[in-house]
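Undergrad: no FASTA, just this:
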C-alpha cells in the first residue's frame, strides 16, 4: 500500500508542478507543452489505476492526435503574438487562494468526517480508486448537480454567440 | 518470465538491465551498420561503388562517421529556443528506442511483458512526433518549421490506416500481445497473416514507409524543397541522434511487419510440416532474416521511387489507404465469423 | 480520368524495382581515380603552354593579338615591342590567368603559327592564386614539362588546323600541316 501512496504523491506533485509551469511560462508554446505533459501524466494516472487500455488510448488520441492539431494552429501565429503572454506566478494575488483553500479544506474535512465505516481510513488517504468509489457511491447526486451547474455557462456562451451571429446577419 | 516470479527483486532488476543492455547494444550496432549497408546498396543500385576507403571494403565507415559527428562543432542558432532545441532529438531517439521494449525477439525474450504491446507502440509513435515537430519549431527557421509541420501532418494521417490495418491483426489474434499474435497466426489455417490480410499488409507497408519518413514519403526532409527539413539547423551529434532515431524506428517497423504478417520467429505449419529440418534453425535467426529482408526493401524502394507530392501524399492516406484498411478489417471479421 | 484496370497490378512499380535489382548485380562504372586513370585522348584541353620552337629555343608567338581578341573571358594579356629595323613585332610578355580561362580552345584555333596550345596535362591543382597565373617563362616551362613525357616524335594539335575550313580562308602558315618536332635532351 505504501508504494502506491508514494507513487500517487509523486504523480500528484508532478501534476501541481506542471500546473504551476503553465502559469510561469510567458511563451505560449511552452505553456502548451506543459499542458501536454499534464495530458501524459493523466495517462500515467490511468496506469496507476490499472486501466492500461485507457492510458494507451489517452496517449494515442489526446496526446498523439488532438494536441498536435492545437500545436499546429499555434505554429501559424507570428512569433511576437506568442511571446507576450503576461501570466506570472507573482502576478497572481495570494488573496485568490484564500477562498479556494478554505473551500478545499472544508471539502476535505467534511469528506473525511463523513467516511463510512466500511471504508478503511488509511486506504482512503492513499488510494485514489477508493476515493473514486466512495464519491461515486455516496455523492453521485451532488456530482451530477455540479456538472449540471457547470454546463450552464457553456449553454449561456452558446446562446450568446448565436445571438451575435443572428444580429450580424440582420 | 515464469522464472522471475521466484527471484528476489534486485536479481529481477539486474536481469532486466542485462536484457536492456543486450537489446540496446545489438540495435545500436545494427543502426550504425544499416547506414553502411544503405550507402553500399544505394551505390550499387546506381552502378556506383559506395564507401570503400575506410577499412576493408569500407567496413569501418560507420565508426569514422561517428567520430566525425562527435568532433563537429555543436551549433545552436541564435534564433532558436535553446531548451526545446536540445530536447527534441532526445525525444525522437527515446520514443524510437522505447518501442523495442515490448517486441519479443524470441518466444521467451521480451523486456517488458505487457499485454498491450501493439497499442504501446502506436502510443510511442504518436509521442515521437513531438520530437520532430518541436525540432522544426525550435530551430527558428522557416525551412525547419515547414519540415516539422509536414512531418507532423504526415505522421498523423498515416497513423490512422496503420492502426486500422493493425486492428485486423489484433482482431484475428484476439490479443494485443505480439507473442500471442505470432502463436495464433502460425497455428491458423493460412499459416501466416499475409494470405488472408494481403490488403492490410500492403496498407501497413506503405504506412511504415510514411511513418519512418523514408523515401518515397521523405517530404519532411525533401532536399530539393526544404534544404533538410527539420534537421536543417542541427549539426554534429544532435543530427546523428535524429538519424539514429530514424534507423531504429525503421527496425521497429520491420520487426512489426515480420511479426504481425509473416509469423515472426516461426515458420507457418504447412512449411514446417513439409520441410521438418527448418525447426532446427534458431527462432531469433528466422526473425532476423525476415527483418533484414524488410530493411533491404526499405533501401530498395528508396533507390527506386521518386518522391510524392504533398497533396498526393495526403489524398493517398485519406482516400485510398483508410478505405482499404477498413475493407481488410471487414474481411478479417468475415473470416472470424465463418470460424475458419 | 479513367485508368486502365491493369493499373492495379502495379506493373510499373514492380518493373522499376526490377531495374534497380538488376543494376545491383551489375559491374559499377566508377573509376577510382588516384589508383586507376581514364585514358586522356589527344586534343584534350588541359594546362596552357607556349610552344618552344626547337630551332630558336624561344616561343613561336608573333604578337598578332588574335588570341587576345578572340578570348571570351579575356584572360590573355600580350605586350610587344616593334623592332625598328624590320618593323616586326616582338612579343615581350604573355600572361594567362588560368583561373579565368574557360578552356574553350579559341586561342589555339585562331593562332596563325600554332604558338599557344592547351596540352593534355590536367593534374595541376595549385594552392595560391599566383601559382595559377602563367607568364611567359611559366608557359614555356609548361611546354617543356609536357613534352618530356610525350612519346611520339612529332606533336600536332587538332585545333591548330581544323578540318573543313577551305585553304583560302586560312593564314599562310596554316595551309600546310602545323607540326612541332619533339626534341629530347
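TA: Sure, I can see it. Just so it is clear, the model here is predicted, and its values are computed rather than measured.
Undergrad: Can you spell out which helices and strands pack onto the helix or strand bottoming out on mean pLDDT in chain B?
TA: Sorted by mean pLDDT, DSSP states H and E, the helices and strands of chain B end with helix B:223-226, the least confident at a mean of 75. If you count contacts as 3 or more CB pairs under 8 Å, 6 or more residues apart in numbering or on different chains; DSSP states H and E, helix B:223-226 packs onto helix B:142-173. (Each C-beta comes from the backbone N, C-alpha and C, glycine too.)
Undergrad: Could you pull up the mean pLDDT of the helix it packs on?
TA: The pLDDT scores in helix B:142-173 average 85.
Undergrad: any residue of it up close to chain A?
TA: Yes. Applying CB under 8 Å from any CB of the partner chain, one finds helix B:142-173 touching chain A at B:145, B:148, B:149, B:152, B:153, B:156, B:159, B:163.
Undergrad: Of these, just say which sits nearest to residue B:38.
TA: Closest to residue B:38 out of the residues of helix B:142-173 next to chain A is residue B:148 (23.9 Å), distances taken as CB to CB.
Undergrad: which SSE is the closest residue to residue A:38 other than its chain neighbours in?
TA: Nearest in space to residue A:38, with sequence neighbours left out and distances taken as CB to CB, 6 or more residues apart in numbering or on different chains, is residue A:18 at 5.3 Å. Assigned by DSSP states H and E, residue A:18 falls within helix A:2-24.
Undergrad: got the buried residues for that helix?
TA: A:8, A:11, A:15, A:18, A:21, A:22, A:24 (16 or more other CB atoms under 10 Å in any protein chain shown).
Undergrad: Specify which member of the residues you listed is nearest to chain B.
TA: The closest of these to chain B turns out to be residue A:21 (CB to the nearest CB; 12.3 Å).
Undergrad: Excluding covalently adjacent residues, which one is nearest to that closest one?
TA: residue A:34 is the one closest to residue A:21 (CB to CB, 6+ apart), at 4.2 Å.
Undergrad: what do you get for residue B:16?
TA: That would be residue B:111: by CB to CB, 6+ apart, it lies 6.6 Å from residue B:16.
Undergrad: Hmm, residue B:99 and that neighbour touching each other?
TA: No. With contacts defined as CB atoms under 8 Å, residue B:111 does not count as touching residue B:99, sitting 10.8 Å away.
Undergrad: which of the two has more neighbours?
TA: Between residue B:111 and residue B:99, residue B:99 has the larger neighbour count (other CB atoms under 10 Å in any protein chain shown), namely 23 against 19.
Undergrad: Which residues are in contact with the more buried one?
TA: B:120, B:121, B:124, B:125, B:248, B:249, B:252 (CB atoms under 8 Å, 6 or more residues apart in numbering or on different chains).
Undergrad: tell me the helices in chain B, going along the chain?
TA: B:9-45, B:61-71, B:82-97, B:117-138, B:142-173, B:178-187, B:198-211, B:223-226, B:236-260, B:269-274, B:283-304, B:310-315, B:322-338 (DSSP state H).
Undergrad: and the fifth one, what other elements does it pack with?
TA: Of the remaining helices and strands, those touching helix B:142-173 by 3+ CB pairs under 8 Å, 6+ apart are helix A:67-75, helix B:117-138, helix B:178-187, helix B:198-211, helix B:223-226, helix B:310-315, helix B:322-338.
Undergrad: rank the helices of chain B by pLDDT, which is bottom?
TA: For those, mean pLDDT drops lowest on helix B:223-226, to a mean of 75.
Undergrad: Which positions in the stretch 101-250 of chain B make contact with chain A?
TA: Within the stretch 101-250 of chain B, the positions lying close to chain A (CB under 8 Å from any CB) are B:114-116, B:119-120, B:122-123, B:125-127, B:129-130, B:133-134, B:137, B:145, B:148-149, B:152-153, B:156, B:159, B:163.
Undergrad: Please convert the buried members of those into ChimeraX selection syntax.
TA: Applying 16+ other CB under 10 Å to these, the buried members can be selected in ChimeraX as follows:
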select /B:116,119,120,122,123,125,126,127,129,130,133,134,137,145,148,149,152,153,156,159,163
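Undergrad: show me where pLDDT drops low in the chain?
TA: Using chain A here. Within chain A, the segments meeting pLDDT under 70 span A:1, A:84-96, A:111-126, A:153, A:156-170.
Undergrad: you looked at the wrong chain, it should be chain C
TA: C:1, C:183-185.
Undergrad: for residue C:162, helix, strand, or coil?
TA: For residue C:162, the assignment made with DSSP: H, G, I helix; E, B strand; the rest coil gives coil.
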